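> Any chance you can model this:
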Amino acid sequence: MVANLLANLALLAAYRPEGSRLIISTRRPKHNRYMRHQFPPKTFMAVVGTLEQLGYLDRVAGTYNGLRTTLGPTERLRHHLSPLGASPALGRLEGAESIYIKAPVPRAKVKVLVDYQDTAETHRLRGEMDTINGAINAASITMDGQKQPPVHLIRQFHIPSSTSPPRFDGHGRLYWGFWQSLERDRRASLRIDEHPVAELDYSGMFARLAYAEAGMEPPEGDLYEDLGMSRPAAKTAVSALLCREGPMVRLPDDLKSELGAGWSGSRVTAAVAAKHPHIAPLFGQGIWPRLMFTESQIMVSVLLGLIRRGIVALPIHDGLLVADTHAEVCTEVMEAVAHNVTGFRFPVALKLTAKAVAL
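A predicted model of the protein is given here:
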């Protein structure tokens with residue numbers, strides 16, 4: 001436990017911005033598949049307390065239904081770590097779960113982890129994640145010339161409540177890639193096997209997924225243009241209408257800030273419905289888990305297809321980062337997989353490559 005905590009704090013100090021902290025859980029739940037057998041919560045928190053007393057970590061206690069407990073390295077620990085720098089000795093323990101199920105908590109903004117029993121399906125899903133994580137970690141991923149530590153992507157599924165039977169057909173997106181939260185200018189400093197990266201994504205993905213759900217081909221052109229609002233606002237509006245349950249009476253905060261005064265939920269609904277009448281019946285039906293699941297099925301199939309071709313890519317939900325030398329092949333694979341999964345064409349857009357950003 002001491003080695004594990006110190007390795008995580010060392011990684012934080014070497015790779016994360018100043019002020020970053022670890023989030024830990026102080027709960028003592030019944031054992032589940034997401035916990036480490038060798039890290040009993042009571043003993044783990046005793047080790048945290050001892051390292052805190054010795055002056056090696058700083059702990060900020062969480063609050064009830066509020067912020068989680070966090071840990072940070074003290075200056076004393078940073079002094080001992082500084083000679084190590086970005087140590088290649090930092091690795092990951094084997095055996096961490098990669099298939100998660102989460103469920104919402106009534107009248108709360110948090111989701112809880114749901115335990116489940118293994119089946120042939122879960123073994124297959126975990127095997128796919130092992131292949132993806134293994135390929136990424138076998139590649140040389142650097143940022144600003146510094147080799148990045150091993151990653152452990154998870155695939156996260158959602159069910160309606162913690163009492164619902166475990167299922168693996170809702171949501172399914174991949175998380176925990178450090179590149180997913182990077183600003184675009186920071187992504188430009190990434191290298192895969194010493195090659196600058198190109199960013200590829202599906203154009204109008206969420207709207208196209210809705211058209212596929214409706215069994216119809218979308219109209220030509222940009223699906224988020226000509227709605228009487230900015231493209232970012234239109235993209236947010238379409239997603240909000242497809243994700244929510246019930247009519248949009250009040251504007252979500254993020255959409256309100258993008259639209260400004262004069263807009264209401266009914267006006268947004270009417271504007272989007274005028275452009276996309278064929279998917280308007282899907283508004284307010286809460287179909288986002290199915291749409292995201294289809295998206296995740298496409299992305300996992302793309303990643304595995306690229307790996308079979310010896311190409312490593314870093315997923316970002318409906319897009320990915322790939323060495324610029326593989327951009328053309330990657331585009332072909334992405335479009336072919338999306339068509340195979342949905343039966344419809346999903347065009348892929350090449351965003352600025354790292355070379356173009358640097359220029």
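> How are the helices of this structure distributed by residue range?
Per DSSP state H, the chain carries helices over the ranges 2-15, 41-53, 75-81, 120-138, 184-187, 205-214, 231-243, 253-259, 265-275, 288-308, 327-342, 354-358.
> Give me the distance between Asp324 and Glu332.
Distance of Asp324 to Glu332, given as Cβ to Cβ, to the nearest Å: 15 Å. Every C-beta, even on glycine, is put in place using the N, C-alpha and C of the backbone.
> who has more neighbours, these two?
Asp324 (19 against 11; other Cβ atoms under 10 Å).
> I'd say the more buried one and Glu199 touch.
No. Counting by Cβ atoms under 8 Å, Asp324 sits too far from Glu199 to count as a contact (9.7 Å).
> Reformat the helices of the chain as CSV; add distance to Thr163 and mean pLDDT.
Formatted as CSV, the helices of the chain follow (distance: least, Cβ to Cβ, whole Å; pLDDT from 0 to 100):
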stretch, distance to Thr163, mean pLDDT
helix 2-15, 33, 89
helix 41-53, 24, 93
helix 75-81, 43, 89
helix 120-138, 19, 97
helix 184-187, 40, 86
helix 205-214, 27, 97
helix 231-243, 22, 95
helix 253-259, 30, 89
helix 265-275, 31, 96
helix 288-308, 17, 98
helix 327-342, 31, 97
helix 354-358, 47, 52
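> any chance of those helices in a markdown table, plus distance to Ala61?
Shown next, in a markdown table, are those (distance: least, Cβ to Cβ, whole Å):
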| stretch | distance to Ala61 |
| --- | --- |
| helix 2-15 | 17 |
| helix 41-53 | 11 |
| helix 75-81 | 19 |
| helix 120-138 | 33 |
| helix 184-187 | 32 |
| helix 205-214 | 39 |
| helix 231-243 | 34 |
| helix 253-259 | 29 |
| helix 265-275 | 40 |
| helix 288-308 | 34 |
| helix 327-342 | 45 |
| helix 354-358 | 42 |
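> Nearest to Arg21 among the ones you listed would be which one?
helix 2-15 (7.3 Å; Cβ to Cβ).
> May I see the buried residues of the closest one?
Buried residues in helix 2-15, defined by neighbour count with 16 or more other Cβ atoms under 10 Å: 5-15.
> Okay, angle between that helix and helix 41-53 too, please.
Angle, helix 2-15 to helix 41-53, by axes from the mean of the first three to the mean of the last three Cα atoms, to 10 degrees: 60 degrees.
> other SSEs contacting helix 2-15?
When contacts are defined as 3 or more Cβ pairs under 8 Å, 6 or more residues apart in numbering; DSSP states H and E, helix 2-15 sits against strand 22-24, helix 41-53, strand 69-73, helix 75-81.
> Give me whichever of those is most buried.
Stretch with highest mean neighbour count among the helices and strands packed on helix 2-15: strand 69-73 (a mean of 18; mean count of other Cβ atoms under 10 Å).
> Which elements pack onto that one?
Looks like strand 69-73 contacts helix 2-15, strand 22-24, strand 57-60 (3+ Cβ pairs under 8 Å, 6+ apart).
> In a markdown table, list those along with distance to Gly172.
Formatted as a markdown table, those follow (distance: least, Cβ to Cβ, whole Å):
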| stretch | distance to Gly172 |
| --- | --- |
| helix 2-15 | 27 |
| strand 22-24 | 23 |
| strand 57-60 | 33 |
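> what about Leu306, distance to Ile279?
30 Å.
> Which residues outside stretch 112-120 are in contact with it?
32-34, 100-103, 105, 122, 159, 162, 166 (Cβ atoms under 8 Å, 6 or more residues apart in numbering).
> Pull out the buried members of those residues.
Buried among the contacts of stretch 112-120 by 16+ other Cβ under 10 Å: 34, 100-103, 122, 159, 162.
> quick one: which of the residues you listed is nearest Leu153?
Tyr100 (10.9 Å).
> I'd say the closest one and Lys111 touch.
No. Using Cβ under 8 Å, Tyr100 is not in contact with Lys111; the gap is 9.9 Å.
> Can you give me the distance of the residue nearest to Glu194 when sequence neighbours are not counted to Pro232?
Nearest residue to Glu194, sequence neighbours excluded (Cβ to Cβ, 6 or more residues apart in numbering): Ser140, at 6.7 Å. Going from Ser140 to Pro232 by Cβ to Cβ gives 34 Å.
> what's the answer for Ser203, then?
Ser203 sits 14 Å away from Pro232, going by Cβ to Cβ.
> just Met248 next, same as before
17 Å.
> Who has more neighbours out of those two?
Met248 (20 against 12).
> What sits closest to that one if chain neighbours are left out?
Nearest to Met248 is Gly265, by Cβ to Cβ, 6+ apart, at 3.5 Å.
> Repeat that for Gly319.
Nearest to Gly319 is Asp201, by Cβ to Cβ, 6+ apart, at 2.7 Å.
> got a list of what the one you found touches?
So Asp201 contacts 316, 318-320, 348-349, 351 (Cβ under 8 Å, 6+ apart).
> Do I have it right that Ala234 meets Ala274?
No. Under the criterion of Cβ under 8 Å, Ala234 makes no contact with Ala274, lying 11.9 Å away.
> Having no further points to raise, I will conclude here.
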